[in-house]
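Enquirer: take this sequence and fold it.
(one chain, ligands or ions: 2)
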Amino acid sequence: MRDFDEHNITEAVIDSMAQAKDARLRAVMTSLVRHLHDFVRDVELGFDEWNAAIDVLTRTGQTCSDKRQEFILLSDTLGVSMLVDAINHRMPEGATETTVLGPFFVAAAPELPSGADISGGIEGERLDVNGVVCSPDGRPLANATVDVWHADDDGYYDVQQPGLQSLVMRARFRTDREGRFSFTSIMPAYYPIPHDGPVGEMLQALGRHPYRPAHVHFMIAADGHETLITHIFDAESPYLDSDAVFGVKNSLIANFPRDDRSGQPQRSLTYRFGLKPLGHAVPSDRLTISTKGNL
Ligand code: BEZ
Ligand code: FE
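Expert: Numbering: from 1, shown residues only. Ligands and ions are numbered 1, 2, ... in the order given. This next block holds a predicted model:
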């Protein structure tokens, strides 16, 4: 076939993939080509715009390194990461909702005993965290691993501070027989996602800010259950309604109450995490939103 025009080229490209052995790949690429071509026709993409798009994607790749993943950030800021997360984490009642992993997780965080102070001596408002990990039916999950990580009160993670010699404001804990874990640290602040690259330029051009509301990250793994990746947001933080990566869910917003009795300002978080049992499918047309876990 030849003489392609703006109407018949889409079917020609789709036909060209007919021999692909992997049926799923063929289905995904067929849909991608259809939507991409429809988009180009819809906006009547100009050559200057096509060149600008190629330039942005090229620089997005060039900004990636072993320390930075600008493509994931692009996906995050376009809402694609949270859309993929939503499709892949349809939760039953009693299971905690999920959100993006983000770029600041470190697999090698130290395992510490429950109750440990993970602030590493960094100054800030004290924070006491008490959590319990359960099945959706309320059964406590013992010996679950709980990875936690958060920013400081200037909005920086340890890995963003070259002056810091060790991993701080992050650790791994194990739940006890009642599914409980606890730690102390400092209160994290809201912060901007990395915005000194192509994604930052895009946000600026679109009149968007780069901020995320203050939060603590959790990754919780227990036998027989799906690993939960989530964060808990401070109900008092700005940007809850304009998170740069669209990661906020009502069930993940918690009160971090203040206690000033000791003369030293102190905040706390008490939260129940529900893990989805493996193999528990929730049909897409019968979704239930998990109940708030803030105790
Ligand atoms: C974070 O919360 O650490 C994060 C998530 C997505 C993009 C950037 C940062
Ligand atoms: Fe974060």
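Enquirer: now do the contacts for residue 3.
Expert: If a contact means CB atoms under 8 Å, 6 or more residues apart in numbering, then residue 3 has no contacts. Yep, even glycine has a C-beta here, placed from its N, CA and C like the rest.
Enquirer: same check on residue 45?
Expert: Per CB under 8 Å, 6+ apart, neighbours of residue 45: residue 39.
Enquirer: quick check: the gap between it and residue 86.
Expert: 29 Å (CB to CB, to the nearest Å).
Enquirer: how about residue 231?
Expert: For residue 231, the distance to residue 86 - CB to CB - is 15 Å.
Enquirer: okay, the two: which has more neighbours?
Expert: residue 231 (25 against 18; other CB atoms under 10 Å).
Enquirer: got the residues of the stretch 51-200 of the chain near ligand 1?
Expert: For the stretch 51-200 of the chain, the contact set with ligand 1 under CB under 6 Å from any ligand atom comprises 73, 76, 100, 102, 103, 104, 193.
Enquirer: please redo it, this time with the cut-off set to 8 Å
Expert: Within the stretch 51-200 of the chain, the positions adjacent to ligand 1 are 72-73, 76-77, 81, 100-105, 151, 157, 193-194 by CB under 8 Å from any ligand atom.
Enquirer: residue contacts, residue 224?
Expert: 277, 278.
Enquirer: tell me which residue of the protein lies closest to ligand 1.
Expert: residue 102 (2.8 Å; CB to the nearest ligand atom).
Enquirer: burial count for that residue?
Expert: 20.
Enquirer: residues in contact with it?
Expert: With CB under 8 Å, 6+ apart, residue 102 has these contacts: 76, 217, 231, 245.
Enquirer: so what's residue 258 bridging to?
Expert: Residues in a beta bridge with residue 258, per DSSP bridges, are residue 267.
Enquirer: confirm for me that it is in contact with residue 265.
Expert: Yes: using CB atoms under 8 Å, residue 258 and residue 265 qualify as a contacting pair, with a distance of 6.5 Å.
Enquirer: tell me where the protein has helices.
Expert: Secondary structure of the chain, counting by DSSP state H: helices at 9-15, 23-43, 47-63, 70-77, 80-88, 198-205.
Enquirer: which one of those helices lies nearest to residue 278?
Expert: helix 80-88 (13.7 Å; CB to CB).
Enquirer: and the gap between residue 54 and residue 47?
Expert: Residue 54 is 11 Å from residue 47, by CB to CB.
Enquirer: among the two, which residue is more densely surrounded?
Expert: The residue with more neighbours, out of residue 54 and residue 47, is residue 54; 10 against 7, by other CB under 10 Å.
Enquirer: so this protein: which segments form each domain?
Expert: As assigned by automatic domain parsing, the chain contains the domains 1-45, 75-286.
Enquirer: tell me the most buried of the ones you listed?
Expert: domain 75-286 (a mean of 17; mean count of other CB atoms under 10 Å).
Enquirer: run the chain-centre distance for it.
Expert: Domain 75-286 has its C-alpha centroid displaced from the chain centroid by 9 Å (CA atoms, centre = their mean, to the nearest Å).
Enquirer: tell me the bridge partners for the nearest residue to residue 116 once chain neighbours are set aside.
Expert: Take residue 116 and drop its neighbours on the chain: the residue closest to it by CB to CB, 6 or more residues apart in numbering is residue 183, 5.5 Å away. With DSSP bridges applied, residue 183 shows beta-bridge pairing to residue 129.
Enquirer: wait, residue 183 sits on residue 173?
Expert: Yes: taking CB under 8 Å as the definition, residue 183 is a contact partner of residue 173 at 6.4 Å.
Enquirer: quick check: neighbours shared by the two?
Expert: Counting by CB under 8 Å, 6+ apart, the residues touching both residue 183 and residue 173 are 112, 114, 116, 148.
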